[in-house]
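> quick one: sequence and predicted model below, then my questions.
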Amino acid sequence: MEYLSIDRIEEGIAVCEDNGRRRVELALSQLPDGSKPGDILFFDGTSYQKDAGETERRKQRAAELQKKLFGRK
């Protein structure tokens, strides 16, 4: 499945990154209500949807990598 990660929101545009690390810009009107940087989205054929499970998995993975990099227990 192709996911988009919201990197930042600026001037009514969500700047996202796809699985291939390519930049994708979406109007806020295309996003689900309450979307914010760090959220993971997918396109269901009609509209973009938030994937809460994938968002949480990626946050956990990032936290694990930070622990390894910085030696925190």
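Yes, it's here.
> and the residue nearest the centre of the protein?
residue 5 (2.2 Å; Cα atoms, centre = their mean).
> each with direction, which strands does the helix or strand containing that residue pair with?
Assigned by DSSP states H and E, residue 5 belongs to strand 3-10. Paired neighbours of strand 3-10 in the sheet (DSSP bridges): strand 13-18 (antiparallel), strand 40-43 (antiparallel).
> going by neighbour count, list what's buried in it.
Neighbour counts over strand 3-10 (16 or more other Cβ atoms under 10 Å) mark 3-6, 9 as buried. C-beta coordinates here come from the backbone N, C-alpha and C atoms, glycine included.
> and which of the residues you listed is nearest residue 63?
Residue 63 has its nearest neighbour among these in residue 5, at 15.6 Å by Cβ to Cβ.
> grab the nearest non-local neighbour of that closest one.
residue 17 (5.1 Å; Cβ to Cβ, 6 or more residues apart in numbering).
> so where's this protein uncertain?
Low-confidence regions of the chain, defined by pLDDT under 70, span residues 72-73.
> the helices in it, which residues?
With DSSP state H as the criterion, the chain has helices at 52-70.
> OK, contacts around residue 8?
14-15, 37 (Cβ atoms under 8 Å, 6 or more residues apart in numbering).
> who's it bridged to?
Following DSSP bridges, residue 8 is listed with bridge partners residue 15.
> returning to what we had before: from the contacts of residue 8, which is closest to residue 63?
Looking across the contacts of residue 8 and measuring by Cβ to Cβ, the closest to residue 63 is residue 37, at 16.3 Å.
> neighbours of the closest one, just the number please.
12 (other Cβ atoms under 10 Å).
> can you offset everything so residue one is 46?
Sure, I'll start numbering at 46, so the last one becomes residue 82.
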